[in-house]
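Undergrad: Need coordinates for the below:
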Amino acid sequence: MLCLPSLSVRTGLAVAIGLLSLGGLNSCGASISPAGLQPTLGFQLVDGGRVAMQSGQPVPSFTYQPRPRLDLSSGWRFQPAALSEALSFVPRSQSQSALEKEATGRQLASFDDSGWQPIAVPGSVGSPPSGDPVDGWYRVTFATPISWTNQAVTLKFASVNYLADVWLNGTYLGYHEGGVTPFAFDPGAALVAGGPNVLAVRVIDPPKGTRVDVLPWYFNDWWEYEGITGAVWLEASSALHVVRADVVPHLDAADVSVVIQNSSDQALQNVSLNVEVLPAAVTATNLTNPDPTSLLPPAPSAIATLAIDNLNVGAHGVLVRDGSFVFAGADRWSVRRPALYVLGVYLTVDGVVTDSFYDTFGLRRIQVDPSAPRLLLNGQPIAFTGVAVQYERVSPALDGAPQGGTPPSMADELMLIKHAQGVNADLLRTNHVPGQPDLLMLADRLGLAVWEEIPMNHFTPETFTYVMQRGLAQQMLAEMALRDFDRPSVMFHGFANESTGVAERTSAMQTLRDLDRRIDGTRLTGQAMYGSDPTDPTSSPLDVAGYTFYYGVFYGQSAEPGTVRALRLAHQTYPNKPVMILEFGDWVFGNGYEGHQTQIFRNTYPAIAANFDTQDRGYVGSAVWWSLEDYWTDVSGIGVERFGLYRPDGTMRPVGVAARTGFGEVTSPSGTISGIISGGAGAAAPVPAPSQLALKFAYALVVPLVLVGVITGMLVGMRRLRSIRARRAGGVA
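TA: Have a look, this model is predicted:
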């Protein structure tokens, strides 16, 4: 068994590659008995199709909704505790009573937590430079409005790192494993409307390298922020409500899937589902407003409408209904013109509105050209110039280091995007984790593409085997894909970073690709392979061949000839796939010398850009600098990784100036056109039979006839939806 030293992912990369290539790696003392705790997310057939279910309820949307909402961001208390890791990873049918015995009453509403330390939520129990992750218990007391009686209420968590067990007023709601994706519970009868409630959360995060069956398992070259790291809130709606609405975009059409739930004890009849596509306009005043309805221009007219009537929803029933829209003259989303639309969904019973739901989406298609190894965005060749971004606060600088802490505010994320635009980047790679919701919302509105991924970072044959057997990677991918379903900026889903093994990794990539396509299918799939081995075959199941390139930094050959040779071998290995350079870069020397960064950029980037797929015989789809900003790492002896194009004080380094010039020769700043009001005309396509052949036939028949039939259909639908919206605005519910 090998024991890896504490190495930075990048500063110790040369040593790590040699050790990892031997396979079968265990860290010292790592557990090799996989946990019996099962993932909580799965897919279930319901009336109308397949729905993602988690913890006994359909997976909801986590986007902001203009519904009654209680933000649980204040009043939390925390107590460090030595928690049993063994109990934590045992199925709850066997361990719940033991966990509650371990809790010694902490989960009960009557427990006295007045002596516990106040703590910020969202936040972390260990922040740089000296903080250490600490397991323990969180508690908060809150009251909900009495008007929430008989309402459907959902408790939502944006993220908890790593394993959370949740109690409300002493009633166990469930657990969630995975520190970077959202989850939700139905509190049911445990919630006291109008009265005091106590929410208790047990959080444990095994030290990295001590288990081989968790995700991530080791080698995190970033700061490990443990605790309730994302927002927590309660959202109320009528018993009959829209759970989520997913849009699959096409260039001239959109497919919509709406999940409906009846949380009451009574079956409901004469239910109508009404959907409309509305124009959107992003302005300086609404740019950071998370409410989708804030993007609606004054007195918006529906571009297309759809109505499905005579639905019957059983008591505690869940159903899904699909529809399609076709468009003429619609605006497409791109990095240079990020046009958005607002989707409005309304439920009525006997003509009375019970619930409304909104989200934004964009019409775009990212694909691999079937005739050449190049990326096509909306049918046009594109090569992205990108930067890697971290999930932590950068400013105000702390003694020359990033501020640290999580989560970044909306203002922090906007500054990050402005910095990316300042160097002419149009692609963000979100470290090795899913992008944060505020960042993705701004990327949608300002026109940046996003590569987001699950944290299968430095995995080995053994860790791939254990994590895939447990289903953890599948759950994280599903949670990420479902959360960000309607985000047009998310064009790429990554499944692994700088990992080893061939058979196990290829199998994992195939499994995850198949799952990704079943959930969505409009994103391209990839991984980041070591550029030191450009003949790595494990991206064969994926859409693109991604690499990290550090020639002249970590690899033996100098930057320019090493990059040229590796690109040639990568193209020979994957002649039909775009090659994505997902990392290249260098750090600032310990003595403060920044010139070597610029030298690496000037010796590496031209070799990449010479093969961009926008040129004849080109095959490279991206060049991503690691990274946009400096960031904290908890790898021993490192402190701050100074790879940034910007210093923590916000000033641009010389390499940033070089990147701005080099990137600017390929692309223009994203989101250069402001005040876009999306337009066009559309109509609902006939509801097809379940077969894909029928669906394709419907598109072939309807698209040429849109302009003929759209006016009549829109007039009827607009009158109906105008009436529905008016009743909703008048307070009918």
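
Undergrad: so what's the nearest residue to A120 once chain neighbours are set aside up against?
TA: Using Cβ to Cβ, 6 or more residues apart in numbering and skipping the chain neighbours, the partner closest in space to A120 is W76 (7.4 Å). In short, each C-beta sits where N, CA and C put it, glycine included. For W76, the contact set (Cβ atoms under 8 Å, 6 or more residues apart in numbering) comprises P118, I119, A120, V121, Y138, R139, V140, I228.

Undergrad: For the fifth one, report the pLDDT, please.
TA: The predicted structure scores Y138 at 98 on the pLDDT scale.

Undergrad: Which pair of the contacts of W76 spans the longest distance?
TA: Largest separation among the contacts of W76 by Cβ to Cβ: A120 and R139, giving 14.1 Å.

Undergrad: what about the two, which has more around it?
TA: R139 (22 against 15; other Cβ atoms under 10 Å).

Undergrad: Put the buried members of the contacts of W76 into a ChimeraX selection.
TA: What follows is the ChimeraX syntax for the buried subset of these, where burial is set by 16 or more other Cβ atoms under 10 Å:
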select :119,121,138,139,140,228
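
Undergrad: and of the contacts of W76, the nearest to P196?
TA: The closest of the contacts of W76, once distances to P196 are taken by Cβ to Cβ, is V140, at 10.9 Å.

Undergrad: Touching, that closest one and L199? I think so.
TA: Yes - using Cβ atoms under 8 Å, V140 is in contact with L199, at 5.2 Å.

Undergrad: list the residues that contact both of those two?
TA: Joint contacts of V140 and L199 (Cβ under 8 Å, 6+ apart) are L72.

Undergrad: which residues of the stretch 51-200 of the chain fall in helices?
TA: According to DSSP state H, counting those that start in this stretch, the stretch 51-200 of the chain carries its helices in the segments 85-88, 92-103.

Undergrad: Which other helices and strands does the first one contact?
TA: Helices and strands touching helix 85-88, as assessed by 3 or more Cβ pairs under 8 Å, 6 or more residues apart in numbering; DSSP states H and E, comprise helix 92-103.

Undergrad: Now find how far off-centre the helix it packs on is within its chain.
TA: Distance of helix 92-103 from the chain centroid (Cα atoms, centre = their mean, to the nearest Å) equals 32 Å.

Undergrad: What of stretch 184-204?
TA: Centre to centre, stretch against its chain (Cα atoms, centre = their mean), the figure for stretch 184-204 is 26 Å.

Undergrad: Would you mind writing the CA trace of it as CSV?
TA: C-alpha atoms of stretch 184-204 as CSV (Å, rounded to 0.1, in the frame of the first residue of the first chain):
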residue,chain,number,x,y,z
ALA,A,184,-34.7,19.3,0.3
PHE,A,185,-37.2,17.8,2.7
ASP,A,186,-40.9,17.9,3.2
PRO,A,187,-41.3,18.8,6.9
GLY,A,188,-44.9,17.7,6.9
ALA,A,189,-46.6,17.6,10.3
ALA,A,190,-43.3,18.3,12.1
LEU,A,191,-43.6,22.0,11.1
VAL,A,192,-45.7,24.2,13.5
ALA,A,193,-47.3,27.0,11.5
GLY,A,194,-47.4,30.2,13.5
GLY,A,195,-45.4,28.7,16.4
PRO,A,196,-41.8,28.2,17.3
ASN,A,197,-39.8,25.6,15.5
VAL,A,198,-36.3,24.2,16.1
LEU,A,199,-34.2,22.9,13.2
ALA,A,200,-31.2,20.8,14.2
VAL,A,201,-28.5,19.6,11.8
ARG,A,202,-25.7,17.1,12.5
VAL,A,203,-22.7,17.7,10.2
ILE,A,204,-19.7,15.4,9.8
